[in-house]
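Asks: Sequence and predicted model, in that order:
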Amino acid sequence: MRAQLTFKLPEEEHEFALANKAGKLYGAAWDFAQLLRGKRKYTDEKPGSWSEVEQLFNEHFEGLLE
């Protein structure tokens, strides 16, 4: 099977960038979910606040959400 995506640039630049980064975003989301699961399951660490979780998220997805 083969698929081809076509974009009208520059009008659809945002859509192109999203499709271009989709694999990396999926991988980063999976890794982040595993990071949180590991912290919950294998450590006694509890996040100090939602801002700490937000900071972890931002560090993990740095450069992918621009």
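Replies: Perfect, I can see it now.

Asks: which residues of this protein score low on pLDDT?
Replies: 45-48, 65-66 (pLDDT under 70).

Asks: now the helices for it?
Replies: Ranges of helices in the chain, per DSSP state H, are 13-42, 50-60.

Asks: Run the angle between the shortest one and helix 13-42 for me.
Replies: Which is helix 50-60. If you take axes from the mean of the first three to the mean of the last three CA atoms, to 10 degrees, helix 50-60 sits at 120 degrees to helix 13-42.

Asks: Which strands or helices does helix 50-60 pack on?
Replies: If contacts are counted by 3 or more CB pairs under 8 Å, 6 or more residues apart in numbering; DSSP states H and E, helix 50-60 sits against helix 13-42. All C-beta spots, glycine's among them, are computed from the backbone N, C-alpha and C.

Asks: now the longest one
Replies: In terms of contacts (3+ CB pairs under 8 Å, 6+ apart), helix 13-42 is packed against helix 50-60.

Asks: and the residue lying closest to L56 once chain neighbours are set aside, how many neighbours does it have?
Replies: Excluding the flanking residues, the one nearest L56 by CB to CB, 6 or more residues apart in numbering is L35, at 7.1 Å. Using other CB atoms under 10 Å, L35 has 13 other residues around it.

Asks: Surely L35 is in contact with E59?
Replies: No. Using CB atoms under 8 Å, L35 makes no contact with E59, being 10.1 Å away.

Asks: follow-up on the earlier one: can you redo the helices of the chain as a markdown table with distance to L5?
Replies: As requested, the helices of the chain are exported to a markdown table (distance: least, CB to CB, whole Å):
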| stretch | distance to L5 |
| --- | --- |
| helix 13-42 | 6 |
| helix 50-60 | 26 |
